[in-house]
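Undergrad: Sequence and computational prediction follow.
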There are 2 protein chains.
Amino acid sequence: MLEIAVLGLLNESPLHGYEIRKRLSNLLGAFRAFSYGSLYPTLRRLSEAGWITEESPLDGPAASATRSRRGKRVYKLTADGKEHLAELLADVGPDAFDEEGFGARLAFFAQTRSDIRLQILEGRRRRVEEQRDGMRSSLARTGQRLDRYTRELHEHGLESVDREVRWLTELIESERSSADNGAEA
Amino acid sequence: MLEIAVLGLLNESPLHGYEIRKRLSNLLGAFRAFSYGSLYPTLRRLSEAGWITEESPLDGPAASATRSRRGKRVYKLTADGKEHLAELLADVGPDAFDEEGFGARLAFFAQTRSDIRLQILEGRRRRVEEQRDGMRSSLARTGQRLDRYTRELHEHGLESVDREVRWLTELIESERSSADNGAEA
DNA sequence: TTCGTCATGTAATGGGTTACATGATTAC
DNA sequence: GTAATCATGTAACCCATTACATGACGAA
């Protein structure tokens, strides 16, 4: 998941690690903040895979010997990386529909083709509907036996997924109508 | 987290591993289902700590030599385990207020003292309020710059935490009024 | 010159999952 | 007797976090 987030960010502009982390925190909302302990190893890995390049401003033509080997390292997406990102964003496999995968894709929807956007939104909705139906029938079956608190927890959970389904439906409808406009214009 | 869930379940009745997993799945809702790969090692660990006992029905007086060493293993909470569980449920440290920790405690609220319940509910509410305020101000600051999808994601997230705050407030109020009745009765 | 914040990194650990392997019991 | 499901268990892996260590740089 870090992979898609990092590549997605670098597709907008080159950045260094510290900055990536800050952007990530407010892009993915307060609800997800990766630590450096996972970020830097990921950057290393992506670099080794050839998807990003790692460039120290000090490496340039006038690299002075007095400077330490440590300093800002700026990361850029390569052509291979762009391609890889496009594949990741267009992947409509099961991972795209769980909470994390969906969130990561949605955050970069602006870079995603409209028909893929629709597939992802619909897949996510299907997934959440299944979850809702499971919760609903489990509550209907065993709801009476549950103590008050557990029942409250389940009911609140059910309402939450129900809201998510409605939200997704709105997004899907607005996506469809803008796709129509785009296609027929 | 598995620890508190397992001890909490065994406080109600002795159970074997397979059954624990089933109960857990519908107790914690469809949203959390531990695998055997974590459950059995946990049972082992709790047993070694002396919090539960592990008893095979075949170990009894008439243990026949023809039976294999494998079969249902029934787990029971020990006196030490009961004590330990009470400590876990009454622990109002920071862990009690995050999503997982709060969920686990709420699921066993029926076994928790009323004043502790109130502390946990209030601590959780404080935590979620902080989250909400962070999201709200971040949305106010950078909301205009965000693309439509990212903004939708943030707004939906904000509404969700907002709903959770209101839900917690209701629980707190009903907890307070039943505490009053209980104390003055 | 020292303090705060920007910036990069590593080692140990954690808390789980997946995939696999096996045995016991029940229903047909 | 065989298929489904109940039941227990392990090994390899994954994806992160925490705690720690270090260094660069600007402002008071």
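TA: Ah, there it is.

Undergrad: Can you give the domain ranges for chain A?
TA: Listed by automatic domain parsing, the domain ranges of chain A are A:2-59+A:72-107, A:114-184.

Undergrad: export those domains to a markdown table and tack on mean neighbour count and mean pLDDT?
TA: Just so you know, the C-beta spots here come from the backbone N, C-alpha and C atoms, and that holds for glycine as well. A markdown table is the format used below for the domains of chain A (neighbours: other Cβ atoms under 10 Å in any protein chain shown; pLDDT from 0 to 100):
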| stretch | mean neighbour count | mean pLDDT |
| --- | --- | --- |
| domain A:2-59+A:72-107 | 17 | 90 |
| domain A:114-184 | 16 | 89 |
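
Undergrad: mind putting these in TSV, distance to B:Thr42 included?
TA: What follows is these, written out as TSV (distance: least, Cβ to Cβ, whole Å):
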stretch	distance to B:Thr42
domain A:2-59+A:72-107	24
domain A:114-184	21
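
Undergrad: Would you tell me which of those domains gets closest to B:Leu158?
TA: domain A:2-59+A:72-107 (8.6 Å; Cβ to Cβ).

Undergrad: Distance from the closest one to the middle of the chain?
TA: Remark: domain A:2-59+A:72-107 is offset 10 Å from the chain centroid, using Cα atoms, centre = their mean, to the nearest Å.

Undergrad: And the strands in chain A, which stretches?
TA: Counting by DSSP state E, chain A has strands at residues A:15-16, A:52-55, A:74-77.

Undergrad: May I have the residues that are in contact with the residue nearest to the spatial centre of chain A?
TA: For chain A, the residue nearest the mean C-alpha position is A:Ala104 (0.7 Å; Cα atoms, centre = their mean). By Cβ atoms under 8 Å, 6 or more residues apart in numbering or on different chains, the contact list for A:Ala104 reads A:1, A:4-5, A:8, A:28.

Undergrad: Compile those residues into TSV and extend it with columns for distance to B:Ile172.
TA: Listed next are the contacts of A:Ala104 as TSV, based on distance: Cβ to Cβ, whole Å:
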residue	distance to B:Ile172
A:Met1	35
A:Ile4	39
A:Ala5	36
A:Gly8	40
A:Leu28	30
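
Undergrad: As CSV, these with distance to chain B would be great.
TA: Below are the contacts of A:Ala104 laid out as CSV (distance: Cβ to the nearest Cβ, whole Å):
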residue, distance to chain B
A:Met1, 15
A:Ile4, 14
A:Ala5, 12
A:Gly8, 11
A:Leu28, 9
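
Undergrad: What about DNA strand C: which of these touch it?
TA: With the criterion set as Cβ under 7 Å from any atom of the strand, no member of the contacts of A:Ala104 is near DNA strand C.

Undergrad: picking up where we left off before, which one, of the strands of chain A, ends up nearest to B:Ile172?
TA: B:Ile172 sits nearest to strand A:15-16 of all the strands of chain A, at 43.1 Å, using Cβ to Cβ.

Undergrad: Could you confirm whether that closest one reaches DNA strand C?
TA: Yes: counting by Cβ under 7 Å from any atom of the strand, contacts between strand A:15-16 and DNA strand C involve A:His16.

Undergrad: Please identify the residues of chain A in proximity to DNA strand C?
TA: For chain A, the residues in contact with DNA strand C (Cβ under 7 Å from any atom of the strand) are A:16-19, A:36-37, A:40-41, A:43-44, A:70-73.
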